[in-house]
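In: Sharing a sequence plus its predicted fold:
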Amino acid sequence: MIGMLKGVVDAVGADETVIDVNGVGYLVAAGVQTLARLEVGAQVKMHIETHVREDAFKLFGFLDETERAWFVHLQSVQGVGAKAAFAILDAVPVSEIASAVALGDKATFGRAKGVGPKLATRIATELKDKAPPVGRNLGIGLPAHATTPSATSTSGKASSDDGAVREEAVSALLNLGYAETVARQAVATVQRNGGEGLELGEVIRQSLKELAP
């Protein structure tokens, strides 16, 4: 199985890219947002999810390990395939997906192209009581981006920072004895209601207010 590719971007298409690794070109499917951040001729590191079937061997690539983990997690819901998972990741930042799951917010998933009301409801319902994906880098929301300037952005960094704060805040609430589902819902509510960019201590404080009887 292939878990990561590091090489040079040889070509970028509408829904896939070719990564040249020491003279071998790997065809990698990717989402619109990922492809928009690639530059032909630039060095890149991609996190890979490999799907092997009787009639196909396909690679799906991501610049962020957290996105790859959510790509897999979303497909644990019946009716969500690679196409729908990519559509969700293209339409909704990872940090917002985590909040939507914690809050059971079907409207967020309904923003994705091709995801109808029934599927959006199923995603929100089935994932709400499941732990978020861990990923291959201990699941603390720290991304491994491409090495090109186009792979970084202020909004992407803010999203990752909020994700790290969210996980630390949830961990703190768990240590205080709250159930994980309850803790995640409280933190998600705080971040959704103007709490993005807050320091960890303030997120914990406001979350405790949410949990107060």
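Out: Now that the structure is in, tell me what you want to look at. From a predicted model like this one, the values you see are computed outputs, not experimental measurements.

In: So, low pLDDT: which residues of the protein?
Out: Along the chain, segments meeting pLDDT under 70 span 137-160, 195.

In: in it, which spans are strands?
Out: With DSSP state E, the ranges of strands along the chain come out as 4-12, 16-21, 24-29, 43-53, 56-62.

In: Reformat these as JSON lines; add distance to residue 199.
Out: No exception for glycine: its C-beta is placed from N, CA and C like everyone else's. Listed next are these as JSON lines, based on distance: least, C-beta to C-beta, whole Å:
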{"stretch": "strand 4-12", "distance to residue 199": "33"}
{"stretch": "strand 16-21", "distance to residue 199": "38"}
{"stretch": "strand 24-29", "distance to residue 199": "38"}
{"stretch": "strand 43-53", "distance to residue 199": "29"}
{"stretch": "strand 56-62", "distance to residue 199": "29"}
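
In: can you redo those as JSON lines with mean neighbour count and distance to residue 87?
Out: JSON lines is the format used below for the strands of the chain (neighbours: other C-beta atoms under 10 Å; distance: least, C-beta to C-beta, whole Å):
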{"stretch": "strand 4-12", "mean neighbour count": "16", "distance to residue 87": "19"}
{"stretch": "strand 16-21", "mean neighbour count": "18", "distance to residue 87": "15"}
{"stretch": "strand 24-29", "mean neighbour count": "16", "distance to residue 87": "13"}
{"stretch": "strand 43-53", "mean neighbour count": "16", "distance to residue 87": "16"}
{"stretch": "strand 56-62", "mean neighbour count": "18", "distance to residue 87": "13"}
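
In: quick one, what contacts the residue positioned nearest the centre of the chain?
Out: Centroid-nearest residue in the chain, with C-alpha atoms, centre = their mean: residue 67, separated by 3.1 Å. Residues near residue 67 by C-beta atoms under 8 Å, 6 or more residues apart in numbering: 34, 47, 89, 94.

In: hang on, the first one packs against residue 71?
Out: The one in question is residue 34. No. Using C-beta atoms under 8 Å, residue 34 makes no contact with residue 71, being 10.5 Å away.

In: what touches both of the two?
Out: With C-beta under 8 Å, 6+ apart as the test, residue 34 and residue 71 both reach residue 62.

In: Redo the contacts of residue 67 as a markdown table? Include distance to residue 60.
Out: Putting the contacts of residue 67 into a markdown table (distance: C-beta to C-beta, whole Å) gives the following:
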| residue | distance to residue 60 |
| --- | --- |
| 34 | 10 |
| 47 | 9 |
| 89 | 11 |
| 94 | 15 |
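
In: between those residues, which is closest to residue 5?
Out: In terms of C-beta to C-beta, no member of the contacts of residue 67 lies closer to residue 5 than residue 47, at 8.6 Å.

In: so what's the closest one bridging to?
Out: Counting by DSSP bridges, residue 47 forms beta bridges with residue 4, residue 62.

In: residues touching it, list them.
Out: By C-beta under 8 Å, 6+ apart, the contact list for residue 47 reads 3, 4, 61, 62, 63, 64, 65, 67, 68, 136, 144.

In: what about the first one, distance to residue 61?
Out: Spelled out, it's residue 3. For residue 3, the distance to residue 61 (C-beta to C-beta, to the nearest Å) stands at 11 Å.
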